[in-house]
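**Q** Provided below for reference: sequence and predicted model.
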Amino acid sequence: MYCENYREMISPYIDGMLTENERAILEKHVLDCDECKNELEEIKFVTEHCHQLEKMPLPVDFKEQLHSKLVNIEGIRHNSRNSS
Amino acid sequence: MDLDEEKLVERACNGDVEAFEQLIEPYHSMVYNLAFHYLKEYHDASEAAQEAFLRAFKAVKTFKKNSTIKTWLYRITINTCLDTIKKKKNEKRLIYINEAKDGSDGSEIELQIPSSDLKPDQILEQKAIQKVIRDEISKLPKDSKTILILRDFNDLSYEEIAKILNISLGTVKSRLSRARNSLKDNLLKYRELFNTNGSQIK
């Protein structure tokens, strides 16, 4: 296998989506290949940072605004059902 | 879908707003955050998230019981956000044609990091890192951006992503791999910022 093939295994490796055998193959390769080892570390690092992105708090008036819009839509539907 | 959800869906199908609100309440934050990743602006994200829920309400009769509310809402939200982006692009084009300038393209965001034990300079670094990552994710091509948001921000499984995007597990795997590689390559230019945080970007 070429390094390119091993690199395709990195992302599923991080997610625990490789078989035990595939995992062992990749782990053995990165022990011998510094470039693939760096690649693994970098992608792992970026992935961890993405997982750590903070959730944005919901705007305070979100629920009220949505409620008004839903009631409005249902009102229009109700009226059109009654008029037809 | 559990029995409670099934009953709520049934009532929502008959126009019961309260039932629909109960059904979607656990997903408010998820939908809003998904929209925020696409639109990068509080007001736009809020409008798009609400629009997604309105679309869901209008289409609740088409909801398939063998599906889950979560994947259904994800799909609607992604489509709503992509429509919003398209609409905004068209509006921008019109503004350009008319040579009108409103002075803001809505691309700047102020991130709110919840209070923590971090020192002020560390909070600033965290803010900067988070902004850089969000910006770089938003610059990725549509497919890469979507898959990265679903997996690395929303922690969805490969199976859930495959269902939402209607693609095979193999495609999820390869698309995610490509997306992470692109993001990593794009982040290399910020290596100094990450290095101050003990990064491993070399």
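**A** Happy to help now that I have it. Numbering: from 1, shown residues only, chains lettered A, B, ... in the order given.

**Q** Just give me the neighbour total for B:Ser157.
**A** 14 (other C-beta atoms under 10 Å in any protein chain shown). All C-beta spots, glycine's among them, are computed from the backbone N, C-alpha and C.

**Q** Look up how far B:Val60 lies from it.
**A** B:Ser157 sits at a distance of 25 Å from B:Val60 (criterion: C-beta to C-beta, to the nearest Å).

**Q** what's the answer for B:Ala48, then?
**A** Taken as C-beta to C-beta, the span from B:Ala48 to B:Val60 is 19 Å.

**Q** what's the answer for A:Asn38, then?
**A** For A:Asn38, the distance to B:Val60 - C-beta to C-beta - is 49 Å.

**Q** Specify which residue of those two has the higher count of neighbours.
**A** Neighbour tally, A:Asn38 and B:Val60, criterion other C-beta under 10 Å: the higher count belongs to B:Val60, 22 against 14.

**Q** Flag the shaky bits of the chain, pLDDT-wise.
**A** By default, I'm working from chain A. A:84 (pLDDT under 70).

**Q** wrong one, chain B
**A** Screening chain B residue by residue with the criterion pLDDT under 70, one finds the ranges B:1, B:92-124, B:193, B:195-202.

**Q** Which parts of it belong to which domain?
**A** Per automatic domain parsing, the structural domains of chain B span B:3-97, B:120-195.

**Q** So for A:His78, which of the ones you listed sits nearest?
**A** Distances from A:His78 to each of those were compared using C-beta to C-beta; the shortest belongs to domain B:3-97, at 6.7 Å.

**Q** The spatially closest residue to B:Arg11 that is not a sequence neighbour and A:Ser68: what is the separation?
**A** Nearest residue to B:Arg11, sequence neighbours excluded (C-beta to C-beta, 6 or more residues apart in numbering or on different chains): B:Ala19, at 3.5 Å. Relative to A:Ser68, B:Ala19 is positioned 17 Å away (criterion: C-beta to C-beta).

**Q** Remind me what the helix or strand harbouring B:Met30 packs against, helices and strands.
**A** Taking DSSP states H and E as the definition, B:Met30 sits inside helix B:28-39. Using 3 or more C-beta pairs under 8 Å, 6 or more residues apart in numbering or on different chains; DSSP states H and E as the contact definition, the elements that helix B:28-39 packs against are helix A:62-83, helix B:42-58, helix B:69-97, helix B:120-139.

**Q** try 10 Å this time
**A** Applying 3 or more C-beta pairs under 10 Å, 6 or more residues apart in numbering or on different chains; DSSP states H and E, one finds that helix B:28-39 makes contact with helix A:62-83, helix B:17-24, helix B:42-58, helix B:69-97, helix B:120-139, helix B:142-148.

**Q** check contacts around the residue positioned nearest the centre of chain B.
**A** If you average the C-alpha coordinates of chain B and look for the closest C-alpha using C-alpha atoms, centre = their mean, you land on B:Leu34, 2.1 Å from that point. For B:Leu34, the set of contacting residues under the criterion of C-beta atoms under 10 Å, 6 or more residues apart in numbering or on different chains consists of B:27, B:45, B:48-49, B:52, B:73-74, B:77-78, B:80-81, B:146, B:149-150, B:153-154.

**Q** Apply 6 Å and report the result again.
**A** Taking C-beta atoms under 6 Å, 6 or more residues apart in numbering or on different chains as the contact definition, B:Leu34 lies against B:Thr77.

**Q** And B:Tyr32, by the same measure?
**A** Under the contact definition (C-beta under 6 Å, 6+ apart), the residues listed for B:Tyr32 are A:58, B:49.

**Q** try 8 Å
**A** Going by C-beta atoms under 8 Å, 6 or more residues apart in numbering or on different chains, B:Tyr32 touches A:56, A:58-59, A:62, B:45-46, B:49.

**Q** which one of those has the most neighbours?
**A** Top of the contacts of B:Tyr32 by neighbour number is B:Ala49, holding 29 neighbours under the definition other C-beta under 10 Å.
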